[in-house]
Structure formats: C-alpha cells, structure tokens
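K.L.:
This is a predicted model, with the sequence first.
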Amino acid sequence: LFHTHDQEYLQDAAVSQGDFWFVVSPERIYPGRPTFNLYLWAAYKLFKEDPAGYHLLQVWLHFLASLLVAFTFRRLGATFELSLIGGLLFLMNVAHFRAVHWISATSYILALVFGLGAVLLYHRGLEADRRVWTLAAAPVLAAAVCAHPSVAIVALLCLFLALQRRLPVWSAVYTCLPLFAAAFISGVVLTVVYSAAPQVEAIVRAPELLDVIRNLFWMLGRLITTAHWLPEFLFLQAHAGWELTVGLIFSTALVFMATRCGTPLRFWLIWSIAFALPFVTSRMEGNASGPSRYLYFSSLGTTFILAWMLQSLVFRVPKRRVFAARVLLTSVLAVILLSSILGLSKSEALSFYHSGRSYI
C-alpha cells in the first residue's frame with residue numbers, strides 16, 4: 001500500500017498528466033526532484049493510483065541497479081567473481097530496505113543508477129584519455145543530482161578516482177571540472193527554484209555538532225547491525241549507545257583500511273563514508289525506521305567490503321585446498337543470503353505496519 005508521502009507525490013503526478021511542465025514546478029506538494037517527478041509522470045500512465053504497480057517497478061529498478069553495481073565493481077578493477085558476489089549482496093541488503101519499499105524513496109534508486117552511470121562514463125574517459133566521455137558524464141550526474149542532491153558528492157569521488165591513477169593534482173581537477181560544474185549548477189538551481197523542498201531545509205538548518213556526530217556513527221553502525229539481518233529491538237533503541245559504538249569502531253576500521261589497502265577496495269571504503277556525510281544534518285530523532293533509506297548509497301560500499309572479505313577466504317589458502325575454500329565461501333554466502341531473506345521478511349512486516357499507521 002502507500003506510506004507517508006506516497007499519495008501526495010501521486011497527486012502531483014496526476015496533475016502533471018494534463019500539464020507536463022508541472023513536473024518541474026515549484027508549486028508541487030513536494031518539489032525539488034525533477035528526475036523523480038519525470039519518472040512518476042511516466043509510471044502514472046501505467047499504474048494510475050494502484051500502489052502495486054509502483055512497488056513492483058521499484059523492485060525491478062533495484063534489481064537493475066544491483067546489476068549495474070556489479071558492472072561498476074568490475075569496471076573499476078574488481079574480479080568477475082567478486083563483482084557478482086558484491087552485486088548479489090547489494091541486491092539482498094537489508095539495511096536499506098526502505099529505499100526499496102517506500103514508493104517515494106524510488107528517488108534513491110534513480111539517483112544511484114544515474115550516479116553510477118556518471119562514474120562509469122568518467123572512468124571510461126580516464127582510460128581512453130578522451131574528454132568527450134567526461135563531458136558526457138556531466139549531464140548524467142546532473143540527472144542524478146536532480147533525483148537526489150546528495151549524489152553531487154560523486155564529483156569528489158571521481159576526483160579521487162583520477163588521483164588514484166596518479167594523475168597530477170591540477171590535471172585531475174581539470175578532468176573533473178565538467179562534473180563539478182554539473183553538480184554545482186544543479187545544486188544551485190534546486191536550492192533557488194525549490195527553496196521550499198525538504199532537502200533544502202535539511203541542508204540549511206544548523207544542527208548541533210553532537211547531533212551530527214551521533215547521526216554519522218548511527219548510520220555507519222546501522223550498515224553493520226542491519227546489513228543482512230534485522231534485530232527487532234533496534235527499532236526500540238534509536239541512537240542506542242552500543243550501536244553508536246559499533247559505528248565508531250566501523251568508521252575507524254574503514255579509515256585504517258583505506259590507508260593500507262589498494263584499489264579498488266580503497267575507493268569503496270571512501271565511498272561508504274562519503275555517502276553518509278550528506279545525511280548527518282537530517283532529523284532522525286523519533287524515526288522508528290531509523291536511517292534505512294539514507295543507507296542506500298553507503299551500503300554499496302559495505303557490500304563490496306563484505307564480498308572482498310568473503311573472497312579472501314579463497315585466496316589465502318594453499319592451492320591444494322582451494323576447492324575446500326570455495327565450498328566454505330559458497331556455504332557462508334548461502335547462510336548470509338538465508339539470513340537476508342529472513343531479515344527482508346521482517347522488514348516487509350515492518351513496512352506493512354508503517355503503511356497501516358499512515359492510513360490511520
């Protein structure tokens with residue numbers, strides 16, 4: 001069924017059927033995400049006000065995003081096996097369930113698809129040493145930012161990609177100028193034109209430093225405590241001290257590994273932390289679902305880390321025991337996927353509850 005803002009978004013989608021330019025209007029109930037509004041305009045032609053169609057389409061989009069995640073892992077230097085495992089773990093990740101269950105959160109999936117598209121085009125430009133690919137990445141990144149503004153941080157991550165290839169700093173910055181321009185212009189336009197948008201309010205509000213730190217460690221902690229399982233008691237203890245401790249330990253481990261590991265692992269370590277930062281000013285107190293949808297981008301990095309750790313079981317054994325190691329890897333992966341299925345079943349029940357509460 002519907003949940004929270006879903007019905008308001010569909011009301012706007014219905015209006016845009018008769019006035020296409022209402023897709024970019026600041027007069028919408030929830031303005032500020034033109035890419036997502038365009039998606040709803042098209043989806044409304046198929047499903048009208050039937051929530052089932054939107055949910056099914058959202059699941060397919062998440063599946064396609066997971067394939068794109070695996071492809072991106074591969075293009076950025078991971079082995080074929082590692083890329084497939086990472087894509088599968090991202091598909092079955094429990095931590096970001098709200099981004100897949102909540103129709104209004106489809107914007108996160110669209111933003112990731114376009115964001116990864118920009119990364120792939122930029123990386124292709126680095127490999128081929130042809131600026132046309134970087135120029136092509138700029139409008140794709142703009143579309144991603146117009147789906148969710150937090151994806152603007154992809155421009156900085158692409159700069160990190162260039163520096164990893166040992167390009168001179170000024171040369172690396174020069175190659176990223178189209179991306180910086182696309183992110184900056186899109187961000188300014190969204191802020192000025194859609195000043196009443198919820199994300200603008202989150203950006204301009206001045207939270208206390210303690211809240212920012214707690215939100216950061218809470219989100220990083222949730223990436224671990226709900227990765228492929230879903231303990232119910234977590235939703236009764238928002239900002240629990242032990243969960244913040246998990247986030248602190250995990251972030252420390254990420255920083256330590258980033259200073260010692262090579263590519264591509266270092267890139268995805270940085271990705272995990274970087275995509276938590278845009279959400280630290282969000283209001284999360286009293287949020288029974290926790291920061292689930294905010295973890296959709298960061299969980300891409302943690303799934304790669306987990307896949308890398310699992311594959312390490314194979315590569316760190318004597319050659320005569322490789323078969324046994326692969327049996328162990330397959331068994332561990334099967335246990336994780338089974339745990340994910342159980343966790344996703346619990347998350348579905350939780351989403352039914354929140355949907356019901358929205359109707360009440």
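P.N.:
Arrived safely, thanks for sending.

K.L.:
So residue 313 sits against residue 332, correct?
P.N.:
Yes. Contact status for residue 313 versus residue 332: in contact at 7.3 Å, counting by C-beta atoms under 8 Å. For the C-beta atoms, the positions are set from N, CA and C on the backbone; glycine is no exception.

K.L.:
Name the spans of the stretch 101-250 of the chain whose pLDDT lies under the cut-off.
P.N.:
199-207, 235-240 (pLDDT under 70).

K.L.:
quick one: the helices in it?
P.N.:
Ranges of helices within the stretch 101-250 of the chain are 106-128, 131-145, 154-164, 169-193, 198-204, 209-225, 241-260, based on DSSP state H, counting those that start in this stretch.

K.L.:
Any chance of the ones you listed in TSV with mean neighbour count as columns?
P.N.:
Output for the helices of the stretch 101-250 of the chain, formatted as TSV (neighbours: other C-beta atoms under 10 Å):
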stretch	mean neighbour count
helix 106-128	22
helix 131-145	21
helix 154-164	21
helix 169-193	17
helix 198-204	16
helix 209-225	20
helix 241-260	15
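
K.L.:
Just give the nearest non-adjacent residue to residue 213, would you?
P.N.:
Excluding its sequence neighbours, the residue lying closest to residue 213 (C-beta to C-beta, 6 or more residues apart in numbering) is residue 280, at 8.0 Å.

K.L.:
count of neighbours near the one you found?
P.N.:
Neighbours of residue 280 under the rule other C-beta atoms under 10 Å: 20.

K.L.:
List the contacts of it.
P.N.:
The neighbourhood of residue 280, defined by C-beta atoms under 8 Å, 6 or more residues apart in numbering, consists of 207, 212, 213, 215, 216, 219.

K.L.:
nearest to residue 1, of these?
P.N.:
Taking C-beta to C-beta as the measure, residue 1 sits nearest to residue 219 out of these, at 27.3 Å.

K.L.:
Relative to residue 12, how far out is that closest one?
P.N.:
29 Å (C-beta to C-beta, to the nearest Å).

K.L.:
Also residue 167?
P.N.:
From residue 167 to residue 12 the distance is 44 Å (C-beta to C-beta).

K.L.:
Torsion angles phi and psi at the closest residue to residue 197 other than its chain neighbours?
P.N.:
Leaving aside its sequence neighbours, residue 197 sits nearest to residue 32 (C-beta to C-beta, 6+ apart; 2.9 Å). With angles defined as degrees, to the nearest 10, residue 32 sits at phi 110, psi 0.

K.L.:
Would you confirm that residue 32 contacts residue 192?
P.N.:
No. Judged on C-beta under 8 Å, residue 32 makes no contact with residue 192 at a distance of 11.0 Å.

K.L.:
ok, now which ones touch the residue lying closest to residue 234 once chain neighbours are set aside?
P.N.:
Spatial nearest neighbour of residue 234, excluding adjacent residues (C-beta to C-beta, 6+ apart): residue 225 at 6.2 Å. By C-beta under 8 Å, 6+ apart, the contact set of residue 225 is 231, 234, 243, 246.
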